[in-house]
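>>> the sequence and its predicted three-dimensional model are supplied below.
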Amino acid sequence: MKHAVRAALTGARTRPLPALLLALALLAGGFAARAGQDWYDAAHDDRAAYAVQRDEALAAGEQAVQNLNTLDHRNVDRGLDLWESSTTGELHEQLASGRTDFAEQVKAAETVTTARVLSGAVTELDDRAGRARVLIALRVSVRAADGAKTDKDSRMLGELTRTEGRWKLSALGQAPVGGASAG
């Protein structure tokens, strides 16, 4: 009888272990499945791709606005080449068609203009259409031929168009200040 009791007790002790292992394996499998589903959802989430496009548009917009507000009379052609490579559409056509006259004016004035972006934001983004709008705050410094330097803070509104996989400025203008409306 002692032997039967001992066998019953020993058998009772060994049976919960496989059941516990099975339960832990099922639980681990459930966590793995959930983690896999979360990974898949994150990898195929349109918001991540949208955020990448937004960041690319902002970086391109900031650089292009800085480019179009920087020009050195000693190297006008290089600066104007940079302007043209930063733009597309009507803005590009305007810059290209007025290039010769503008270059002569800058050389005659002997000015050096540099811009530094203070901050920027994407205000609109239509990733599918390849269009974005940015608001860029920058400080523009102008050094005249006599050495006098002036600084001016400015806010610019830019429109970007994605061409050949790159964002380029297609329009640029001053942002309204204070109570002025964009009308």
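That came through, no problem. Residues are numbered from 1 along each chain as shown.

>>> only C-alpha atoms for contact and neighbour calcs from this point on.
Noted.

>>> for F31, grab the count of nearby residues.
12 (other CA atoms under 10 Å).

>>> quick check: domain ranges of the protein?
If you go by automatic domain parsing, the domain ranges for the chain are 2-38, 48-174.

>>> tell me the helix or strand right after the helix or strand of the chain with the lowest mean pLDDT.
Counting by mean pLDDT, DSSP states H and E, the chain has its least confident helix or strand at helix 2-14, which shows a mean of 54. Once helix 2-14 ends, the next helix or strand along the chain (criterion: DSSP states H and E) is helix 16-43.

>>> before we move on, back to that, can you say which of the domains of the chain is packed in most?
Of these, the one with the most neighbours on average (mean count of other CA atoms under 10 Å) is domain 48-174, at a mean of 17.

>>> now that domain: mean pLDDT?
Taken as a whole, domain 48-174 has a mean pLDDT of 96.

>>> any idea how far G79 is from the most centrally placed residue in the chain?
By CA atoms, centre = their mean, the chain has its centre lying nearest to D55, at 1.3 Å. In this view, D55 and G79 are 25 Å apart by CA to CA, to the nearest Å.

>>> T87 too?
Separation of T87 from G79 (CA to CA) stands at 13 Å.

>>> again with Q94
Taking CA to CA as the measure, Q94 falls 15 Å from G79.
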